[in-house]
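> next come a sequence and a model predicted from it.
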Amino acid sequence: MPPSDKDPFVKFAEPRPYADPEAAMQKVLEIASTVKPVQDGRIYIEKINRPFLFEHGGKPAEYTTGMKFAIARGLLWMHESQTYVKFAQAGAETFA
């Protein structure tokens, strides 16, 4: 039996702004574009994930999905240590 709109035990979740992988990726890229790169164009992960999680209210899974989408689309490149990313050519052109 489907829940009724009048059922007091039915809870509705608020829509998450970064539940859509595209939106999460765009926010990751937006944050990364505001970070001043250090040596050789490196952007340390904590400079992206902290604002995403604590200032913009994203969830860890949303951050991970957004980062993976950006890497898969060739916009960001992540070092094998997973401590920093760099803008790939396509990503750099997007925010030039």
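Done, it's in. Numbering: from 1, shown residues only.
> could you give the backbone dihedrals for residue 28?
phi -60, psi -50 (degrees, to the nearest 10).
> hmm, I typed the wrong one, I wanted residue 73.
phi -80, psi 0.
> over to the one 3 residues further on?
According to degrees, to the nearest 10, the main-chain angles of residue 76 amount to phi -120, psi 150.
> roughly how far does it sit from residue 47?
Note on residue 76: its distance to residue 47, by Cβ to Cβ, to the nearest Å, is 13 Å. All C-beta spots, glycine's among them, are computed from the backbone N, C-alpha and C.
> same deal with residue 39?
In terms of Cβ to Cβ, residue 39 sits 14 Å off from residue 47.
> quick one, strands of the chain?
Taking DSSP state E to define them, one finds strands in the chain at 43-44, 76-78, 84-87.
> make JSON lines out of those strands and add distance to residue 20.
As requested, the strands of the chain are exported to JSON lines (distance: least, Cβ to Cβ, whole Å):
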{"stretch": "strand 43-44", "distance to residue 20": "23"}
{"stretch": "strand 76-78", "distance to residue 20": "18"}
{"stretch": "strand 84-87", "distance to residue 20": "21"}
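> which of residue 39 and residue 47 has more neighbours?
Per other Cβ atoms under 10 Å, whichever of residue 39 and residue 47 has more neighbours is residue 47, with 18 against 6.
> check the residue nearest to that one when sequence neighbours are not counted and give its pLDDT.
Counting by Cβ to Cβ, 6 or more residues apart in numbering, residue 35 is the residue found nearest to residue 47 once chain neighbours are left out, at 4.5 Å. On pLDDT, residue 35 comes in at 95.
> no more questions from me, cheers.
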